[in-house]
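**Student:** Compute the structure for the input listed below.
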Amino acid sequence: MAPATGTSVAARLDRLPITRKHLLATGVIGLGLFFDAYENFLASTIAAVLKEDFALKGDVLKWVLASAFIGQFIGALFMGRLADRIGRRKAFMVNLALYSAFSLAGAFTPNAAWLVITRFFAGIGIGGEYALGDSYLSDILPKNKRGQFISWAYTISFLGVPTVGFLARWLVPMTPFGIDGWRWLFVFGAIGSIVVWAVRTGLPESPRWLEAQGRHDEADAITREFEDAARAEGHTLAEPDASLTPVASRQVSMASLFKAPYTKRTIMLWLLSALEVFGYYGFGTVAPLVLVAKGYSVTSSLLFVALSYLGYPLGSLLAVPIVERIERKYLVMATATLMAIFGLWFGFASSTAQIIAAGFLYSCASNLFSNAYHVYLADSYPTAIRGTAAGAAYSLSKLVTAFLPFILLPVLEDHGSTPVFVIVAVAMGLLVVTVGVLGHRSTGRSADAV
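**Tutor:** Numbering: from 1, shown residues only. Reported below is the predicted structural model:
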């Protein structure tokens, strides 16, 4: 039964200050997202190495790069839906366990075919991580701090990108214990995610989700834990917003995304998710190969890419002080424009200094964009449908990412690097127009009231 007060869990959570419980949850989710970022950039970072070791030709390299994202398409679609049905916490356990097992199996791959298979199943596991992480943090964080602390989680996560870059630069030329250095990259990913899986067992279930399922007593108990933690830390709690009433218990379907009042925002967010891939993952997919095509050695290209990747956590960190001050819609549009500009510079760059500078600024802009995009998406739907909605949008982005190698690599091989980044710039321009025309405002509003 519902609490006697009739005050919704959403209203009680939104009036809270940030407590140590919020900080712990943000850090734990950030660590899981760390391995999502690590996984997403792993194969593309060592693409040139895999091409040499397995003598990859023609479409085989494209399938190696695409396989994990095809898996992530299925994972994002399935795990987001699963999170709305069985809970955020249980879905977290499933996706990380699957990723850990197949990432470890990928370390011992004997050939390209086995690598494609293991990358595919690892992708299914990691595919739901963004949707689950965004949904969980949007569920538990207060409305005026939601964007800021989701940005902190992503700042932790984006450390995974330079980590894989520098690990690749260090390990690829080596054979520790007689094992190829690139194989150790898969081992590190598997071991790290197992540790995160163990830590996540201590997270509480989302009280908003519990309330949406009609499990009011459990939702109330967890919410009281957050409230008691705030009082124990010396905070005085404001009165909850009486306009937010308890969420009705109901099952939601994928068709709900295309019914009022969500039709326009679903169309906008699906187009946004498809187009952002060209800018965000397009750079990571082709950057090492672009540098090799420009005449740099594999080792030098790995170093340049690793230095460029330092912009990922820095760009995410830049989002922390501004994501609650600038309307998410306009922040998405502005940063997408910067990605188009810096991408064109990277494509035209001829000197080492320009390549590193353009790559670094591009990765900064792309992760400021990424934070705004993730918060914007999670902001856009109520609790009962949030996992399904976020998972569907992310699944579309993963599907488009899977086809990127088949779009961008032939252009790179036949026409060089500049046309590749012209395509990226055009996609970013279409993204800006889409969000400008169809986008809605979400900054500073309750996640269940947008």
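**Student:** which stretches of the stretch 251-400 of the chain aren't confidently modelled?
**Tutor:** Within the stretch 251-400 of the chain, the stretches with pLDDT under 70 are 251-253, 284-285, 288, 297-299, 302.
**Student:** Now do the helices in the stretch 151-300 of the chain.
**Tutor:** 160-171, 181-200, 207-212, 216-232, 263-293, 298-309 (DSSP state H, counting those that start in this stretch).
**Student:** Would you indicate which residues of the second one are buried?
**Tutor:** In terms of neighbour count (16 or more other CB atoms under 10 Å), helix 181-200 has its buried residues at 181-186, 188-190, 192-194, 196-197, 200. (Glycine included, C-beta is placed from N, CA and C.)
**Student:** Go ahead and confirm residue 441 touches residue 329.
**Tutor:** Yes: between residue 441 and residue 329 there is a contact under CB atoms under 8 Å: 6.0 Å.
**Student:** ok, these two, which is more surrounded?
**Tutor:** Using other CB atoms under 10 Å, the more surrounded residue of residue 441 and residue 329 is residue 329, with 19 against 13.
**Student:** Check the secondary structure at the more buried one for me.
**Tutor:** Assigned with DSSP: H, G, I helix; E, B strand; the rest coil, residue 329 falls in the helix class.
**Student:** wait, what's in contact with it?
**Tutor:** With contacts defined as CB atoms under 8 Å, 6 or more residues apart in numbering, residue 329 is in contact with 376, 435, 436, 439, 440, 441, 442.
**Student:** That one and residue 322: what is the separation?
**Tutor:** 14 Å (CB to CB, to the nearest Å).
**Student:** ditto for residue 349
**Tutor:** 28 Å.
**Student:** Between the two, which has more neighbouring residues?
**Tutor:** Counted by other CB under 10 Å, residue 349 and residue 322 do not tie: residue 349 has more neighbours, with 20 against 15.
**Student:** ok, and the closest non-adjacent residue to the residue nearest the centre of the chain?
**Tutor:** Against the mean C-alpha coordinate of the chain, by CA atoms, centre = their mean, the closest residue is residue 130 at 4.3 Å. In space, and not counting its chain neighbours, residue 130 is closest to residue 394: 5.3 Å by CB to CB, 6 or more residues apart in numbering.
**Student:** and that neighbour, how many neighbours?
**Tutor:** Using other CB under 10 Å, the number of residues around residue 394 comes to 27.
**Student:** now the one 10 residues further on
**Tutor:** Using other CB under 10 Å, the number of residues around residue 404 comes to 22.
**Student:** What is the helix or strand harbouring it packed up against?
**Tutor:** Counting by DSSP states H and E, the element that carries residue 404 is helix 383-415. Contacts defined by 3 or more CB pairs under 8 Å, 6 or more residues apart in numbering; DSSP states H and E place helix 383-415 against helix 59-86, helix 112-127, helix 129-140, helix 207-212, helix 263-293, helix 352-379, helix 417-438.
**Student:** just checking, what packs against the fourth one?
**Tutor:** Right, helix 207-212. When contacts are defined as 3+ CB pairs under 8 Å, 6+ apart, helix 207-212 packs onto helix 9-14, helix 129-140, helix 216-232, helix 383-415.
**Student:** Indicate which one of those is closest to residue 307.
**Tutor:** helix 383-415 (20.9 Å; CB to CB).
**Student:** buried ones in stretch 300-309?
**Tutor:** Per 16+ other CB under 10 Å, stretch 300-309 contains these buried residues: 301, 302, 303, 304, 305, 306, 307, 308, 309.
**Student:** Not counting its own residues, what contacts it?
**Tutor:** Identification of contacts with stretch 300-309 by CB under 8 Å, 6+ apart yields 41, 45, 48, 161-162, 164-166, 168-169, 172, 287-288, 291-292, 296, 352, 355-356, 359-360, 362-363.
**Student:** Buried subset of the residues you listed as a PyMOL selection?
**Tutor:** Buried subset of the contacts of stretch 300-309, written as a PyMOL selection, criterion 16+ other CB under 10 Å:
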select buried, resi 41+45+48+161+162+164+165+166+168+169+172+287+288+291+292+296+355+356+359+360+362+363
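**Student:** what angle separates the helix holding residue 404 from helix 352-379?
**Tutor:** For helix 383-415 against helix 352-379, the angle by axes from the mean of the first three to the mean of the last three CA atoms, to 10 degrees is 150 degrees.
**Student:** Can you classify residue 326 as helix, strand or coil?
**Tutor:** Criterion first, three-state DSSP; result for residue 326: coil.
**Student:** so who does the residue lying closest to it once chain neighbours are set aside touch?
**Tutor:** Leaving aside its sequence neighbours, residue 326 sits nearest to residue 443 (CB to CB, 6+ apart; 7.4 Å). Residue 443 makes contact with 147, 324, 326, 327, 328, 379, according to CB under 8 Å, 6+ apart.
**Student:** hang on, isn't the last one packed against residue 442?
**Tutor:** Translated: residue 379. Yes: Residue 379 lies in contact with residue 442 (CB under 8 Å); the separation is 3.8 Å.
**Student:** hmm, back to that, tell me the one of the buried residues of helix 181-200 nearest residue 24?
**Tutor:** When the buried residues of helix 181-200 are ranked by distance to residue 24 (CB to CB), residue 200 comes first, at 10.9 Å.
**Student:** The residue lying closest to residue 36 once chain neighbours are set aside: neighbour count?
**Tutor:** Nearest residue to residue 36, sequence neighbours excluded (CB to CB, 6+ apart): residue 129, at 4.2 Å. Residue 129 has 30 neighbours, counted by other CB under 10 Å.
**Student:** Quick check, residue 129 in contact with residue 95.
**Tutor:** Yes: with contact defined as CB under 8 Å, residue 129 counts as touching residue 95 (6.1 Å).
**Student:** ok, residue 76 touching residue 394?
**Tutor:** Yes: when contacts are counted by CB under 8 Å, residue 76 is listed as touching residue 394 (4.0 Å).
**Student:** Identify the contacts common to the two.
**Tutor:** Taking CB under 8 Å, 6+ apart as the contact rule, residue 76 and residue 394 both touch 127, 128, 130, 131.
**Student:** Specify which member of these is nearest to residue 36.
**Tutor:** The nearest member of those to residue 36, counting by CB to CB, is residue 130 at 6.3 Å.
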